[in-house]
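1. Make a model of this:
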Amino acid sequence: TFLKNEKKYPEALEQFKQALYRYQSLLEPNNLNIIDIKADIGETQVLNAELTLGLASINEAIHLLDQNAMMDSLPGQKVVWHKSRIHCFKKKGDALKTRFLINNEVKYLEDAFNCYITCLQSIENLRQSYLNIESKLLITEQQKNVFNQLVDMSYELYQLTGEKEYLDKAFLFSEKSKAAILLSYIRDINAKDFAGIPAELLSRETSLKKELSVYKEFLYEELQRKEPDTIKIGVWEELIFEFSRDIDSIHELYEMEYPAYHRLKNNTYVYKIYEVQHFLLENQCLLEFFQTDSVLYSFFITRDTSIVKKIFLPENFTGSTRYFTEKISNIESGSKAREQYNLFCKNAYRLYQQLVSPFKDYIAGKQITIIPDENFSSLPFDILLTSPVDSVSTINYRELPYLIKEVPINYAYSATLQFEKNYTPSH
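-> Modelled structure (predicted):
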């Protein structure tokens with residue numbers, strides 16, 4: 001991996017092939033370690049300008065992975081199977097995207113898009129497999145790139161095909177990236193309150209899940225050993241079976257006696273554009289941001305309009321935005337006050353131009369709800385300046401042309417969380 005990251009692709013290929021040979025001499029042909037290395041070899045071949053060969057290697061890895069599909073239902077192996085699935089399909093998606101960039105055939109971008117959809121399905125499966133909120137946050141952070149790619153490809157396909165379906169999907173993935181964990185957590189709490197499940201039953205479920213998680217981890221670690229202890233494996237598999245059976249019994253009880261809890265807790269739905277429009281009044285609009293490493297996608301929605309814009313960001317955008325937010329809470333006095341004032345005016349107008357100005361003709365006379373990206377979640381849009389201010393000798397913050405003077409501003413974490421309490425979507 002180090003050699004690959006250093007772009008020494010021939011040397012990296014040689015090391016991957018040596019590792020593959022060692023694993024093949026010790027493990028079964030469809031072992032997940034072998035599958036992952038075959039996918040790594042394919043990715044490196046693509047990077048080494050051997051695209052056809054690389055795709056063949058990745059497809060071989062996926063074929064072997066499909067032979068292990070039963071692992072999706074086996075205690076202690078479901079998590080590692082889905083991780084390997086993500087590993088392979090991300091690499092296939094990247095390879096197909098490379099092929100699209102070479103020949104501009106839309107079908108390859110569509111195929112790459114579908115590979116990342118597969119990754120997202122496994123991510124959501126993993127998230128449901130994890131017990132605690134910290135583990136769920138970890139998998140979301142590790143796979144942030146999947147959402148970035150899906151939003152990026154949705155936008156590209158929308159531009160190439162003109163099909164509004166892809167605009168809807170870009171917004172959908174932006175919402176999923178923001179809301180998945182927090183929404184799941186809030187829905188779980190609300191569902192428990194709503195359904196009136198006895199506290200002792202909920203406590204019993206939590207205790208069983210903790211025990212199950214512990215023994216799944218024991219089993220996974222033992223299976224990774226060169227010579228696993230079959231006695232330990234047998235004991236832990238039996239315990240995992242018993243805990244899983246007890247949890248299933250509780251879930252069956254929920255379904256029979258508390259169906260509202262089961263339905264709400266397992267709901268991963270996020271709102272589509274037309275559903276957001278359902279809530280907006282004529283004088284309201286919503287502006288949601290999604291930032292990747294170098295690109296900002298802005299989704300602007302009114303009751304009868306939906307627009308997405310792609311903006312290429314300057315290299316220091318995130319850092320300078322955070323610096324701006326930090327400095328406004330610490331107003332200088334004395335000799336530095338004028339310098340800070342002029343710098344504030346310059347940066348507040350620059351941010352307005354980058355974030356809000358593209359939609360200024362649409363927001364006039366409307367109340368706006370802003371859903372920022374996590375990279376600038378603490379940015380106060382209220383104090384962005386709608387027109388430039390010349391450098392002056394007199395400091396007068398009160399009279400500056402703040403955005404809040406022109407439009408009322410609300411903030412939300414996501415559109416789904418903003419409107420969910422008022423509406424149950426139809427599937």
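2. C-alpha from now on. contacts and neighbour counts both.
-> Will do.
3. Toward the C-terminus, what is the element adjacent to the lowest-mean-pLDDT helix or strand in the chain?
-> The weakest-scoring helix or strand in the chain, judged by mean pLDDT, DSSP states H and E, is helix 133-142 (a mean of 52). Where DSSP states H and E defines the elements, the next helix or strand beyond helix 133-142 is helix 144-161.
4. Skipping adjacent residues, who's closest to the spatially most central residue of the chain in space?
-> Nearest to the centroid of the C-alpha atoms of the chain, with distances taken as C-alpha atoms, centre = their mean, sits residue 177, at 3.6 Å. Excluding the flanking residues, the one nearest residue 177 by C-alpha to C-alpha, 6 or more residues apart in numbering is residue 147, at 6.3 Å.
5. check contacts around the one you found.
-> Residue 147 sits next to 120, 173, 174, 177 when contact means C-alpha atoms under 8 Å, 6 or more residues apart in numbering.
6. cool, residue 387 as well?
-> Here residue 387 is in contact with 349, 401 (C-alpha under 8 Å, 6+ apart).
7. Mind pulling up the pLDDT for it?
-> Note on residue 387: pLDDT of 95.
8. Name the residues that touch the helix or strand hosting residue 276?
-> Residue 276 belongs to helix 273-279 when assigned by DSSP H and E. Contacts of helix 273-279 from elsewhere in the structure, counted by C-alpha under 8 Å, 6+ apart, are 168, 171, 172, 301, 302, 303, 304, 306, 415, 416, 419, 425.
9. Next: stretch 93-112.
-> By C-alpha under 8 Å, 6+ apart, the surrounding residues in contact with stretch 93-112 are 43, 46, 51, 54-55, 92, 113-116, 153, 157, 160.
10. That stretch: end-to-end distance?
-> Taking C-alpha to C-alpha, to the nearest Å, the first and last residues of stretch 93-112 lie 4 Å apart.
11. chain center to the helix or strand harbouring residue 117, what's the gap?
-> Here residue 117, judged by DSSP H and E, is contained in helix 106-129. Put simply, helix 106-129 sits 12 Å off its chain's centre (C-alpha atoms, centre = their mean, to the nearest Å).
12. For that helix, list every residue counted as buried.
-> For helix 106-129, the buried set under the neighbour-count rule, 16 or more other C-alpha atoms under 10 Å, comprises 106, 108-113, 115-120, 122-124, 126-127.
13. Got the confidence number for residue 282?
-> For residue 282, pLDDT reads 94.
14. go on, residue 422?
-> 54.
15. okay, the angle between the helix holding residue 117 and helix 144-161?
-> With axes from the mean of the first three to the mean of the last three C-alpha atoms, to 10 degrees defining the directions, helix 106-129 sits at 150 degrees from helix 144-161.
16. Please work out the average pLDDT along helix 106-129.
-> 89.
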